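Novice: Sequence and predicted structure are below.
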Amino acid sequence: MVVCFVLTLGGQRSFTQRHSNRRHYSLGACGRPLKMVVSTKPHSERNASELLWRPSSWREMPVKQVPSYPDEAKLHEVEANLRKSLPLVYTGECEQLKKLIARASRGEAFVLQGGDCAESFEEFEKYGGDNIRDTFLLLIQMSITLMYALGMPVVKIGRMAGQFAKPRSSPMEREKNKQLELPSYRGDMINGPEFDAQARIPDPERMIRAYHQSTATINLVRALAYGGFVDLHRIHEINLEFVNGTPQGKRFLEYANRISDALRFMSSCGIQADSPMIKQAEFFVSHEALLLPYEEALVRRDEDTGKHYATSGHMIWCGDRTRQPDGAHVEFLRGIANPIGIKCGPSLKESELLELLDILNPDNEPGRITLISRVGAGRVREHLPRFIECVRREGRVVTWSCDPMHGNTMTTASGLKTRRFDDILSEVKDFFEVHREMGSIPGGIHLEMTGQNVTECIGGMYELSDADLATRFESRCDPRLNASQSLELAFLLSEYMSGKCAI
Ligand code: PEP
Ligand code: CO
């Protein structure tokens, strides 16, 4: 197969050179041949790259972490249904987010991305959407704090409205202290968390449920963001119930008081403080693009530009386990125009990173790529400098973000997955220090967090301990920072970044 992209950046190996060995497979992930091309342009009018990439061309590549569905007929029916469904996001919004992320690459904005490790059907039913409202509110509180301290816009992106599918290190899972072994739980969009054989069978119908929950979630988030709920004039009400009265809550109120004073001052000067920037919050949603049949079915082509977009979320990212340059996930991502993230773990080689940038951003478009490093506390100095160095050497424009969660997961003696607040803080601190030392720009942070008062991560101001974890451990997958731990992190980060404290 001939790959026709030509890279125009001076002094670099061309895309063709790097991809002369790109392999192709004739059968798709589900063992069935290629199908469906979304583009309505006649074949003859499409350019070479469009001919090569299709929403379904990932099916020709080796795929990891996507399940085989035993009920193929049902799978086809679900895919057909999703193809007819409304987009969750619009192309203009994705382009707007790309612009904002590009600003973060230049140090003119900061990206705050956060939410559940895995969204869940049960939690949504149990809290009737309150969990979404609370995580949204928490992100707003954190962003206000950061914005005030840094003096720059904070781009708010939820890990929500689509974060339902999980990559797993092992295909099988053993029940705690028992002999029974079953296929791993892969997120509510794929199979059930219950430890029973039937629940663990991948069920395509779950994609439809995830789609509907995502539409309800995005609807709620849009109402909260644009309906006056986060008007800075009522900043004192933007405080989560459970942090009200706590040291974090009080600290937030100090910021709130200062912001209120500034608004009052503006008003007494005759400046109208009623712009949408003050009364609304621009908010975006994101998830890992893991379950490719779902992603493919929600690809839509923008009639004006001819570009394809994943309409399942504004930003989608490629996980650390599925970022093989010759793999299906990278193939899918290269053809969609959304801003995308790439998780960069310790095993990522510089050559692979550059190859990924060639494939996913051949035009070196600012805002297109966010590199999310997640190497673990104590390992940042070993890995981040080599990532930064090769990206810089080749003149690539990326936005650097830090995920201090996924390199810091551990299991307690009682078998619960947890993370230490201090490890999270340490990775964040080293991330910022390395960027400062190398004259590079830290553009954002990526967190697993919730507005609920859960007890999933150890430490923080309340010194949650091992023994506390069982009190309220609700995560479907990885442990999340609770609201007070998240706010504490935001305060420390704000002070560190504005030079007021050494974390
Ligand atoms: C995640 O962000 O939920 C995740 C699984 O991350 P990673 O791919 O970095 O392990
Ligand atoms: Co996770």
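Specialist: Structure received. Numbering: from 1, shown residues only. Ligands and ions are numbered 1, 2, ... in the order given.

Novice: Any figure for the gap between the closest residue to ligand 1 within the stretch 201-350 of the chain and ligand 2?
Specialist: Here the stretch 201-350 of the chain gets closest to ligand 1 at one residue, residue 319, 3.1 Å apart by C-beta to the nearest ligand atom. Just so you know, the C-beta spots here come from the backbone N, C-alpha and C atoms, and that holds for glycine as well. For residue 319, the distance to ligand 2 (C-beta to the ion, to the nearest Å) stands at 9 Å.

Novice: what's the burial count for that residue?
Specialist: Look at residue 319: counted by other C-beta atoms under 10 Å, it has 22 neighbours.

Novice: wait, what's in contact with residue 302?
Specialist: 91, 308, 309, 337 (C-beta atoms under 8 Å, 6 or more residues apart in numbering).

Novice: Flag every buried residue along the helix or strand hosting residue 136.
Specialist: Here residue 136 sits within helix 130-150, counting by DSSP states H and E. For helix 130-150, a neighbour-count test (16 or more other C-beta atoms under 10 Å) marks 131-150 as buried.

Novice: ok, and which of the residues you listed reach ligand 2?
Specialist: Counting by C-beta under 5 Å from the ion, nothing from those sits close to ligand 2.

Novice: Using PDB, write down the CA coordinates of the helix holding residue 136.
Specialist: Provided in PDB are the C-alpha atoms of helix 130-150 (Å, rounded to 0.1, in the frame of the first residue of the first chain):
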ATOM      1  CA  ASP A 130     -25.900  15.000  40.800                       C
ATOM      2  CA  ASN A 131     -22.600  13.300  40.400                       C
ATOM      3  CA  ILE A 132     -22.100  15.000  37.000                       C
ATOM      4  CA  ARG A 133     -23.200  18.300  38.400                       C
ATOM      5  CA  ASP A 134     -20.800  18.000  41.400                       C
ATOM      6  CA  THR A 135     -17.800  17.000  39.200                       C
ATOM      7  CA  PHE A 136     -18.600  19.900  36.900                       C
ATOM      8  CA  LEU A 137     -18.800  22.300  39.800                       C
ATOM      9  CA  LEU A 138     -15.600  21.000  41.200                       C
ATOM     10  CA  LEU A 139     -13.800  21.600  37.800                       C
ATOM     11  CA  ILE A 140     -15.300  25.100  37.800                       C
ATOM     12  CA  GLN A 141     -14.000  25.800  41.300                       C
ATOM     13  CA  MET A 142     -10.600  24.500  40.400                       C
ATOM     14  CA  SER A 143     -10.500  26.500  37.200                       C
ATOM     15  CA  ILE A 144     -11.500  29.700  39.000                       C
ATOM     16  CA  THR A 145      -8.700  29.200  41.500                       C
ATOM     17  CA  LEU A 146      -6.100  28.500  38.700                       C
ATOM     18  CA  MET A 147      -7.400  31.300  36.600                       C
ATOM     19  CA  TYR A 148      -7.200  33.800  39.400                       C
ATOM     20  CA  ALA A 149      -3.700  32.700  40.400                       C
ATOM     21  CA  LEU A 150      -2.200  32.300  36.900                       C
END
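
Novice: Which elements pack onto that helix?
Specialist: If contacts are counted by 3 or more C-beta pairs under 8 Å, 6 or more residues apart in numbering; DSSP states H and E, helix 130-150 sits against strand 110-115, helix 121-127, strand 154-159, helix 205-226, helix 247-268, helix 483-497.

Novice: Next, the angle from it to helix 483-497.
Specialist: Interaxial angle, helix 130-150 versus helix 483-497 (axes from the mean of the first three to the mean of the last three C-alpha atoms, to 10 degrees): 20 degrees.

Novice: average model confidence for helix 130-150?
Specialist: Mean per-residue pLDDT for helix 130-150: 92.

Novice: Filter the contacts of residue 302 down to just the ones in helices.
Specialist: residue 91 (DSSP state H).

Novice: got CSV for the contacts of residue 302, with distance to residue 277, pLDDT and neighbour count too?
Specialist: Formatted as CSV, these follow (distance: C-beta to C-beta, whole Å; pLDDT from 0 to 100; neighbours: other C-beta atoms under 10 Å):
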residue, distance to residue 277, pLDDT, neighbour count
91, 23, 97, 21
308, 31, 98, 21
309, 26, 98, 23
337, 26, 98, 19
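
Novice: Serialize the contacts of residue 302 to CSV and add fields for distance to residue 430.
Specialist: Shown next, in CSV, are the contacts of residue 302 (distance: C-beta to C-beta, whole Å):
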residue, distance to residue 430
91, 37
308, 38
309, 35
337, 33
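
Novice: and the two most separated of the contacts of residue 302?
Specialist: Farthest pair in those (C-beta to C-beta) is 91 and 308. Separation: 9.4 Å.

Novice: Thanks a lot, catch you later.
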